[in-house]
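# The amino acid sequence is not available; the structure is as follows:
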């Protein structure tokens, strides 16, 4: 229907142009005829034809100007909603939308593009506000705690044990602030695209063993058993970035696995790349929270996460790094049974089959 309408409009436009041409040339002919009868014809037929053409063009321009002047109000009414929407968007009002897209015919795609741009900008603005709100909250919480316990330390009447406990809390909250700042900085660098992505082959099984040993004080201190199934596996990736991935996932499992629980780390070669599964026997994650756990600052169990000192950025960093490697990370979990994070890293491009 729209195509038929556009074709009809095009045909009418051609007819209007053709009619204007005929009218201008006809008017030119009769006007010159009257003038020649009154003042005499030029001595040359060439000059007569030249005068006829010039007059015809003048009349044609006059008709065009007249039509433009008559339809100016209609054109202004036609474009006004588009201009108003663009002006509102330029001023930060991303709720602006151009209604009745079909009436714009060929320009309908342009109008739809403007509406989509406004919707996308609105979504980004909401994300920006949420991000600022979350960052402010995450910074304010440890600062409040540090200020409160620092004030309490001024009391000379508190015992040595209580004083040490307060100092431990201040130290932990300071570390939490530092970790938050570090995570934000890393995310910012990775998303800016300025990080030098220099993938090299290395032994993934050795890297995982080293991280398990580095985290031994944490899982031993909580009475957690760690099991590893790490056959020789080589991947091509940025080694430093993957250290961050495994460290974040292992710390996450340690935080949410109770004493006496088990964490299992398994890796295996897969299609030229590798698959790593870090699973635990923790309390698990609700099904409704699983799709959102990689969002920044999202905490499936806010009370539990706050107590464990999480910033809500660790899994976001994991996903960003895995995405940079063209890999995939997903979580499988059942409440009361535990959680498993599965990371798949692809083969290097030169080994991938098409």
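Here it is on my side, so go on. This is a predicted model, so every value here is computed, not measured. Numbering: from 1, shown residues only.
# Please identify the helix or strand for residue 265.
Residue 265 is part of strand 262-270 when elements are defined by DSSP states H and E.
# what comes up buried for stretch 263-275?
263-267, 269, 272-275 (16 or more other C-beta atoms under 10 Å). In short, each C-beta sits where N, CA and C put it, glycine included.
# among those, which two are most distant?
Using C-beta to C-beta, these reach their maximum pairwise distance at 263 and 272, which is 27.5 Å.
# Need the residues that contact the next helix or strand after the strand holding residue 265.
Using DSSP H and E, the helix or strand that follows strand 262-270 in sequence is strand 273-280. With contacts defined as C-beta atoms under 8 Å, 6 or more residues apart in numbering, strand 273-280 is touched by 204, 208, 233-235, 246, 249-250, 253, 256-257, 261-268, 327, 338-347.
# In helices only, show me those residues.
Among the contacts of strand 273-280, the members falling in helices (DSSP state H) are 204, 208, 246, 249-250, 253, 256.
# Which one of these is nearest to residue 319?
residue 249 (10.9 Å).
# count of neighbours near the closest one?
26 (other C-beta atoms under 10 Å).
# For beta bridges, what are the partners of the spatially closest residue to it that is not a sequence neighbour?
Once flanking residues are discounted, residue 249 sits nearest to residue 278: 4.7 Å by C-beta to C-beta, 6 or more residues apart in numbering. Counting by DSSP bridges, residue 278 is bridged to residue 265, residue 341.
# can you pull the pLDDT of residue 278?
Among the per-residue scores, residue 278 holds a pLDDT of 96.
# okay, now it: neighbour count?
If you count neighbours by other C-beta under 10 Å, residue 278 ends up with 22.
# Would you mind measuring from it to residue 263?
The gap separating residue 278 from residue 263 is 7 Å, by C-beta to C-beta, to the nearest Å.
# try residue 63
84 Å.
# Then residue 70?
79 Å.
# what does residue 67 give?
With C-beta to C-beta as the criterion, residue 67 and residue 263 are 79 Å apart.
# just residue 10 next, same as before
Relative to residue 263, residue 10 is positioned 70 Å away (C-beta to C-beta).
# now swap in residue 285 and tell me
Counting by C-beta to C-beta - residue 285 and residue 263 are separated by 15 Å.
# Pick out the residue closest to the middle of the chain.
residue 124 (7.3 Å; C-alpha atoms, centre = their mean).
# from the ones in helices among the contacts of strand 273-280, which would you call buried?
In the ones in helices among the contacts of strand 273-280, the ones that pass as buried (16+ other C-beta under 10 Å) are 204, 208, 246, 249-250, 253, 256.
# Select, from the residues you listed, the two members most distant in space.
204 and 256 (24.3 Å).
# can you give me the helices for the chain?
2-39, 45-90, 108-152, 160-192, 204-214, 216-221, 239-256, 302-308, 314-324.
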